[in-house]
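K.L.:
structure of the sequence below:
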Amino acid sequence: KEAQAAVAQAVGVLKEFYAKAGEATAFVQTGSSRAHSGQPEIFGDEPYTGMGGESGGVVAMLEVIESDFARLEAETVGAEEAAKKEYDDFMADSKVDKATKQKTVEHKTSKKQNKASEKTALEGDLQGTHKELDAAMAYFEKLKPDCLDAGASYAERKAQREQEVKD
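P.N.:
Residues are numbered from 1 along each chain as shown. Below you'll find the predicted structure:
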């Protein structure tokens with residue numbers, strides 16, 4: 001914007017200069033002052049206006065530069081707006097993604113804690129069950145000789161039962 005303003009100011013100064021230069025006649029020879037015949041013929045009494053009106057003049061060049069600056073500014077503003085929109089969209093998506101991931105982390109942490117406490121409780125139950133099993137196995141080993149007498153035959157056991165019933 002500053003370059004655009006500077007070029008516009010330069011164009012204004014040049015146009016003002018050429019406008020004033022068109023009225024200036026300080027170095028212009030007039031027909032009445034040609035007293036000597038050796039002087040070249042003058043081309044006219046019109047004032048010098050410079051090359052401002054030609055297509056290759058300084059003013060035209062500055063006007064092209066000014067329009068280039070305006071186009072560059074418009075492109076830059078458009079690109080900045082597009083980049084800002086893309087950044088804002090990215091930040092919004094990132095915010096949503098971050099919130100989702102934080103909730104997932106919280107959920108999984110809670111689930112992990114629940115599973116850890118469940119595991120601790122199950123390990124305690126397992127130890128208790130092992131103690132009960134060990135006690136039952138010890139009792140079974142204690143009762144085994146009384147219940148399973150492999151030395152007596154069927155006939156002997158039948159007789160022994162009949163004897164017990166009679167007593």
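K.L.:
tell me the centre residue of the chain?
P.N.:
Nearest to the geometric centre of the chain sits residue 90, at 4.3 Å (CA atoms, centre = their mean).
K.L.:
low pLDDT regions in this protein?
P.N.:
Counting by pLDDT under 70, the chain contains low-confidence ranges at 21-56, 148-152.
K.L.:
those helices in it, which residues are they?
P.N.:
2-23, 58-147, 154-166 (DSSP state H).
K.L.:
give me the distance from the second one to the chain's centre.
P.N.:
For helix 58-147, the gap between its own C-alpha mean and the chain's C-alpha mean amounts to 17 Å (CA atoms, centre = their mean, to the nearest Å).
K.L.:
what angle do helix 2-23 and it make with each other?
P.N.:
180 degrees (axes from the mean of the first three to the mean of the last three CA atoms, to 10 degrees).
K.L.:
same check on the last one?
P.N.:
Using the same axes, to 10 degrees, the inter-axis angle of helix 154-166 relative to helix 2-23 is 110 degrees.
K.L.:
can you list the buried residues in helix 154-166?
P.N.:
When neighbours are counted by 16 or more other CB atoms under 10 Å, no buried residue of helix 154-166 is found. C-betas here are computed from N, CA, C, even on glycine.
K.L.:
circling back to that earlier point, tell me the most buried of the helices of the chain?
P.N.:
Of all these, helix 2-23 has the most neighbours on average by mean count of other CB atoms under 10 Å, namely a mean of 13.
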